[in-house]
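Asks: Any chance you can model this:
(2 chains)
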Amino acid sequence: MTENQKIKGSQILLETLIAEGVDTIFGYPGGSIMPVYDQMYDYGDRLRHILVRHEQGAIHAAQGYARAKGFPGTVIVTSGPGATNVITGVADAMVDSTPVVVIAGQVSTNLLGTDAFQETDLIGMTNPITKWSYQIRRPEDIAWAVSRAYYIASTGRPGPVVLDFTKDAQVGLAEYKYEKCRFIRSYVPVPSVSENEVEKIARLLDRSERPFVLYGQGIIHSGAEKELLAVLEKGDIPAGSTLLGLSVLPSDDPHFKGMLGMHGSIASNVMSQKADLILAVGMRFDDRVTGNLSTYCKYAKIIHIDIDPSEIGKNVPVDLGVVGDAKDVLGRLARRMARIERREWLESDRHCNEVEYEKVIVPETRPGQGTINPGEVVATVAEVSGNDAVILTDVGQNQMLGARYSRFIRSRSFISSGGLGTMGFGIPAAIGAKVAVPDRKVCLFVGDGGFQMTVQELGTIMQEQVGVKIVLLNNNWLGNVRQWQELFFGERYSQTRMVNPDFELLSQAYGIGHALVEKREDLRPAVERMFADDKPFILDVHITEENMVFPMVPPGKSVSEIMLNATEWYR
Amino acid sequence: MENENHYIITAYTENQVGLLSTVAGMFTRRSINIDTLRVYPSGIPGVHKFVVKTTTTPDKVRSIALNMEKKVDVIKAFWYVDNEDIYKEVEDVTSYLKERENSINK
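Replies: Purely as a prediction, here's the structure:
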């Protein structure tokens, strides 16, 4: 081979990204990644690079992109602080099973371990919070490592991959030899499920009088929406969703009983306690879903289907654990299970719904007088958008209300930071989602606290004219912590009051459309104006300051002990 | 602590830089001591072996072994109460690897 057949490592990287199907990169340049950015100068027609304002913005945008599109998000940052700034998002992607590939610059191999400028042990730091992390030290390894990264990030239980890319590997020369990774001998992404196991599930299900399905984001990853619905329809089985599973079933489907857990629907929590069989699919029994474990689903047989063997029996002892792909297992289950009518059980949530409607939903979404409630805003957005926007939330009350009062008609329409609960996730993730699915409306609910954690990304929105609709639920409080202080800490409001800037001036500074809503009659027209075009917009709604999210299963309580408001409990 | 037992965890792995620290981190996170540790090339060419002796509860040993196996570079992990015999293990891994290598040609 002659020298002129060889190309630079940085070019091998970009060629491999294109071969893997990457079209968008979220990133920020810096010293140790400059050869890659130099190469990018010639690739502008094939790779869209979105320049964020802080590396945390890049990783959350990549997460939003991945969740909206179902394809790994790609991040390129520099070494040292560039790399450490993405770590929160990497941890978030790990716990929420989001496929992202982070390519971080690193100092040259000969400087490793010398405390060189902007050197940091990224592999050491990210090892426990990645599916795979690897240091690329030779240009010959780039195509192999990058293809492997996308394979690992997107298969099995998805997750983040970090590639630590030394500068000498970026500038070194090698032949470009790309081969798509389809096999790693030490990695089994999708364990196979025997017909016998499916038969066992079917038999348990057929014998059950009150089965209840708990599903999570695994259904979305697996593309098992239809198969899930087929199982529910065939057996008249009600189902509750985790936070990240929302939008899998249409909100008006009769089998859908709402969100599970702390701020979930009364029906889904009560039914999970009354069931004699729990069929959990693609979810991990998070403590926010189960409440007190010692009283959780005590009288039910529990079947757990998940692609990750380490999830089976982790929090809740199971009677039958099945490790496999949800689409495959549910598809076969739907064919094997008996058609059984369970109308009475399916519709037994009437009392729960009546109480929730009267005591929680009406006071929250239609108070009629006084200041505007955040739930009202969410419900108005849902209505005006035809229930068909991709809804994102930040973390806190805005998240729980966004989850509770948004309505969905198709999957991949709800994106939120679940397991890690990362405030500041909202704005950048919304940017990523809109870039991924530009034809859809993308709407973010964010509080005044989380808004200011990544507010710098308004600059990215301005530069790229990303048409995200930001609904700022502004109460001048860190609302969720304030709620806990009121309920559980004797109304001692320690460090939760916020003095905020003039968000209108801020919007003007970034050239982003803005409307301030303080009166109820202005809300709907302002939401209509917001959705009138595809441009970025900030809707600043001044909401009830002391508003609290209900129903609520207080921490440490059983999921059937539900607060309806500060003084009443569900009976 | 109640319910604690001596366990042996064995894992067959690829020879990757940093894997030892990843494995050690799994014990640290659950605040479990490693009683003894050996890492060495196994009888299978190109495959390394971890043998970790530890004292903990059944839940935690299971969680560590399954999370070890979840790591991309770990081929198989097993755990035993330290009086069980483990002679069959090497044979198992050899045939497992053959099966994996063959599956690519299917």
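Asks: Show me which residues of chain A sit near chain B.
Replies: Residues of chain A lying close to chain B (Cβ under 8 Å from any Cβ of the partner chain) are A:123-124, A:127-128, A:131-133, A:135, A:152, A:182-188, A:308-310, A:313-314. Just so you know, the C-beta spots here come from the backbone N, C-alpha and C atoms, and that holds for glycine as well.
Asks: What about these, which are in helices?
Replies: If you go by DSSP state H, those have A:123, A:124, A:152 in helices.
Asks: Which one of those residues sits in the busiest neighbourhood?
Replies: Ranked by the number of neighbours (other Cβ atoms under 10 Å in any protein chain shown), these place residue A:152 first, at 25 neighbours.
Asks: ok, it - contacts?
Replies: Going by Cβ atoms under 8 Å, 6 or more residues apart in numbering or on different chains, residue A:152 touches A:131, A:132, A:159, A:161, A:184, A:187, B:72.
Asks: got the phi/psi numbers for the residue nearest to the third one when sequence neighbours are not counted?
Replies: Read that as residue A:159. Closest residue in space to residue A:159, ignoring its immediate chain neighbours: residue A:131 at 3.5 Å, by Cβ to Cβ, 6 or more residues apart in numbering or on different chains. Main-chain torsions, residue A:131, degrees, to the nearest 10: phi -80, psi -40.
Asks: Tell me who's in contact with residue A:131.
Replies: Residue A:131 makes contact with A:94, A:152, A:153, A:158, A:159, A:160, A:161, B:72, according to Cβ under 8 Å, 6+ apart.
Asks: The last one against residue A:186, yeah?
Replies: Yes - Residue B:72 is within contact range of residue A:186, at 6.4 Å (criterion: Cβ atoms under 8 Å).
Asks: where's residue 13, which helix or strand?
Replies: Going with chain A. Assigned by DSSP states H and E, residue A:13 belongs to helix A:9-19.
Asks: wrong one, I was asking about chain B
Replies: With DSSP H and E as the test, residue B:13 turns up in strand B:5-14.
Asks: Which neighbouring elements make contact with the helix or strand just after that strand?
Replies: Using DSSP H and E, the next helix or strand after strand B:5-14 towards the C-terminus is helix B:19-29. Applying 3 or more Cβ pairs under 8 Å, 6 or more residues apart in numbering or on different chains; DSSP states H and E, we find helix B:19-29 packed against strand B:34-41, strand B:47-56, helix B:58-70.
Asks: May I have helix B:19-29 as PDB, with CA atoms only?
Replies: Backbone C-alpha positions of helix B:19-29 (Å, rounded to 0.1, in the frame of the first residue of the first chain) are rendered in PDB as follows:
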ATOM      1  CA  LEU B  19     -11.500  -3.800  33.200                       C
ATOM      2  CA  LEU B  20     -10.000  -4.500  36.700                       C
ATOM      3  CA  SER B  21     -10.900  -1.000  37.900                       C
ATOM      4  CA  THR B  22     -14.400  -1.400  36.500                       C
ATOM      5  CA  VAL B  23     -14.900  -4.600  38.400                       C
ATOM      6  CA  ALA B  24     -13.300  -3.200  41.600                       C
ATOM      7  CA  GLY B  25     -15.700  -0.200  41.300                       C
ATOM      8  CA  MET B  26     -18.700  -2.500  41.300                       C
ATOM      9  CA  PHE B  27     -17.600  -3.800  44.800                       C
ATOM     10  CA  THR B  28     -16.800  -0.200  46.000                       C
ATOM     11  CA  ARG B  29     -20.300   1.100  45.000                       C
END
